[in-house]
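S.K.: Turn this into a model:
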Amino acid sequence: MVVGDVVSSIAADNTDLTFQPASNVNVMISIMGFTTPVGQSRYCLTNGVLTGGLGQTPAPRNLFVNNTNYFKFNANGAGTFLFFTGVQIK
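M.R.: Purely as a prediction, here's the structure:
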């Protein structure tokens with residue numbers, strides 16, 4: 001992938017979604033969302049050891065991630081489909 005390419009993913013039903021770009025790659029996530037029949041899904045930034053909770057969806061716009069600090073998005077039961085889209089900026 002190169003700078004300017006779209007980065008996106010949709011997780012299978014009731015599957016957590018973790019996005020960790022390749023080494024030396026930075027991505028701006030422009031939107032994260034979900035479809036779920038019950039409650040909210042939670043997301044956080046992590047470095048694999050420490051995790052900082054950001055809150056519940058819908059997520060804020062323009063979340064910047066890289067190989068060191070990336071995000072996890074937790075499903076909330078059957079019928080939950082998590083997704084995100086963004087653009088590679090480095």
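S.K.: make it CA atoms for all contacts and neighbour counts henceforth
M.R.: OK.
S.K.: Least confident secondary structure element in the chain?
M.R.: When each helix and strand of the chain is scored by mean pLDDT, DSSP states H and E, strand 51-56 comes last, with a mean of 69.
S.K.: which residues in this protein form strands?
M.R.: Listed in chain order, the strands found in the chain under DSSP state E are 6-10, 17-19, 27-35, 42-46, 51-56, 63-65, 70-74, 81-88.
S.K.: Return the most buried member of these.
M.R.: strand 70-74 (a mean of 22; mean count of other CA atoms under 10 Å).
S.K.: Sketch out the low-pLDDT regions of the chain for me.
M.R.: For the chain, applying pLDDT under 70 flags the ranges 37-41, 54-61.
S.K.: which ones are touching residue 3?
M.R.: 87, 88, 89, 90 (CA atoms under 8 Å, 6 or more residues apart in numbering).
S.K.: Make sure the last one is actually in contact with residue 23.
M.R.: Going back to what we said before, that points to residue 90. No. In this structure, residue 90 is not within contact of residue 23 by CA atoms under 8 Å, at 10.5 Å.
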